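[1] structure for this input, please:
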Amino acid sequence: MLPVFVAAGSALMSYFIMQARMEVALAKEREFLAEARAMIDSQDKVMVEKVKATEESIRRESLNEFLDDFRVEERHYMRENKSVFASKKAMVLQERLFFRNIPLSNWVEHEFTVEEGNSDISRLAQACSIFSAKPMAEAASASKLLA
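    Numbering: from 1, shown residues only. Next up is the predicted model:
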């Protein structure tokens, strides 16, 4: 009976040892799988961010190309109104907005009274344009030129 008892004990002991080894192997596999999933998730997030950044840059580039197709045609000349009592000198600025070669507006005309000694007409024309994006400093200097 002793050999049967020793054999059963050995079998039971080898079963528990093998069970422990299998649990260790399973834990290592789960750890490896968790690392792989984390790497895949991080790569997925990076890929999504890259796609969004690419879409945004393409959208920005296409908008810039669209806005580059707009242009403004300007012309200006001096008008002098003479009356019996006074002579008035004015600059007339005419502007028209185009998309490629298609006019989007009629001529918009502005008349600005100019001082006698003012010779910087082109700067005044640029500062008073309604279609150009001008900073506030230029608008202030234009109002000084008109005064």
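[2] where does this protein dip in pLDDT?
    Along the chain, segments meeting pLDDT under 70 span 115-147.
[3] let's see 90
    1, 71-72, 75-93, 100-101, 104-105, 107-108, 110-147 (pLDDT under 90).
[4] ranges for the strands of it?
    Per DSSP state E, the chain carries strands over the ranges 70-82, 87-99, 102-103, 108-113.
[5] can you tell which of the ones you listed is closest to residue 22?
    Nearest to residue 22, of all the strands of the chain, is strand 70-82, at 72.2 Å by C-beta to C-beta. C-betas here are computed from N, CA, C, even on glycine.
[6] and the closest one, what does it pack against?
    strand 87-99, helix 121-127 (3 or more C-beta pairs under 8 Å, 6 or more residues apart in numbering; DSSP states H and E).
[7] in the longest one, which residues are buried?
    This points to strand 87-99. Neighbour-count burial for strand 87-99, counted by 16 or more other C-beta atoms under 10 Å, picks out 91, 93-97.
[8] remind me what it packs against, helices and strands.
    If contacts are counted by 3+ C-beta pairs under 8 Å, 6+ apart, strand 87-99 sits against strand 70-82, strand 108-113, helix 121-127.
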